[in-house]
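Engineer: I'd like to go over a predicted model; first the sequence, then the structure.
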Amino acid sequence: MVLGLVLALDPVRLGLILLMISRPRPAQSLLAYWVGAMAASVPYMLGPLMVLHVTPTFRSFAQHVASPATFASPMVRHIQIGIGVLALSVAAVMAVRFWAGQRSQLAADGGAAAPTPDSAARPPEPAPDTPRQSQSARRGLRARAHQAWVNGSSWPALMLGAASGPPPLTVLLVLTTIMASGVGIATQIGLALVWVVGMFVVVEVILVSYLAAPAKTQTILRLLHEQILAHRQQVLTSMVAAIGVAMMLYGIGGLGASG
């Protein structure tokens, strides 16, 4: 349960929840995100659990891979630090671009001049002909995905939820911990399901609140939605920076403990 709480408060997962709230229909998006997460995470946990239960060889291998020594190894810690540095670099680039865009927008607003008669009389040049048939399949799929996201369609949230499962090493650690308890297979399955549900407790609290008090929850979600949209770039930059800081703290803390 402690590991589930850690994953529930993971900056990446919280950032995805903020993205769901920023969509046109936040409650529906959160529900689709949760359904996708459950559809992907439950088999992801129960499948290996059944394999480990019936195959002693896999069980000993999983216990070795998911041992605390693996998580505390210097290589894993250096990888975490590297990911943190990369995320902070991306956040810095995003912040600089946002600042430069703000300055250029202010300059354009302050220096805008009225069009001259010649420029006003000149008709606009026609846009280049880009027939639909000439677009690549990838570009068309990306355009449809963007349109579905803007319109508040549920399937992008469903796909993001399906991609929000727990890390493989964490799954192994949780499963070997459950199996080491010595309880029956039915209880082990129940513990795995409880862990998966606890990993998305933030989404579930919002959804239960929506069922209990839909008007009040909708008002709060609408306020969050408006605030996130008004400061979308800052929120995204802060999310990436928070991920970078968290990864660096994990890595540096692990190296200091091992040293």
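Structural biologist: Received it, and whenever you're ready, just let me know what you need.
Engineer: who touches residue 188 in this structure?
Structural biologist: 49, 53, 178-179, 181 (C-beta atoms under 8 Å, 6 or more residues apart in numbering). For the C-beta atoms, the positions are set from N, CA and C on the backbone; glycine is no exception.
Engineer: mind pulling the model confidence for it?
Structural biologist: Looking at residue 188, its pLDDT is 87.
Engineer: and residue 32, what element?
Structural biologist: helix 26-54 (DSSP states H and E).
Engineer: which elements pack onto that helix?
Structural biologist: On a contact count with 3 or more C-beta pairs under 8 Å, 6 or more residues apart in numbering; DSSP states H and E, helix 26-54 meets helix 11-21, helix 56-65, helix 154-162, helix 168-180, helix 185-199, helix 201-212, helix 214-230.
Engineer: would CSV of those helices with distance to residue 245 be doable?
Structural biologist: Formatted as CSV, the helices and strands packed on helix 26-54 follow (distance: least, C-beta to C-beta, whole Å):
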stretch, distance to residue 245
helix 11-21, 8
helix 56-65, 28
helix 154-162, 23
helix 168-180, 20
helix 185-199, 22
helix 201-212, 20
helix 214-230, 20
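Engineer: ok, which of those helices comes nearest residue 78?
Structural biologist: Closest approach to residue 78 among these (C-beta to C-beta): helix 168-180, 15.5 Å.
Engineer: what are the buried residues along the closest one?
Structural biologist: By 16 or more other C-beta atoms under 10 Å, the buried positions in helix 168-180 come out as 170-176, 178-179.
Engineer: repeat that for stretch 191-210.
Structural biologist: Neighbour-count burial for stretch 191-210, counted by 16+ other C-beta under 10 Å, picks out 191-192, 195-200, 203, 206-207, 210.
Engineer: start and end of that stretch, how far apart?
Structural biologist: With C-alpha to C-alpha, to the nearest Å as the measure, the ends of stretch 191-210 fall 27 Å from one another.
Engineer: again, but for stretch 195-203
Structural biologist: End-to-end distance of stretch 195-203 (C-alpha to C-alpha): 14 Å.
Engineer: do the same with stretch 20-34
Structural biologist: Start-to-end span of stretch 20-34 (C-alpha to C-alpha) is 11 Å.
Engineer: mean confidence for it?
Structural biologist: pLDDT averaged over stretch 20-34 gives 84.
Engineer: tell me where the model's unsure across this structure.
Structural biologist: Counting by pLDDT under 70, the chain has low-confidence residues at 1-3, 6, 56-73, 76, 109-152, 225, 228-229, 232, 254-259.
Engineer: for it, which helix is longest?
Structural biologist: helix 74-110 (DSSP state H).
Engineer: still on that earlier bit, which stretch among the helices and strands packed on helix 26-54 comes nearest residue 104?
Structural biologist: Residue 104 lies closest to helix 214-230 among the helices and strands packed on helix 26-54, at 19.7 Å (C-beta to C-beta).
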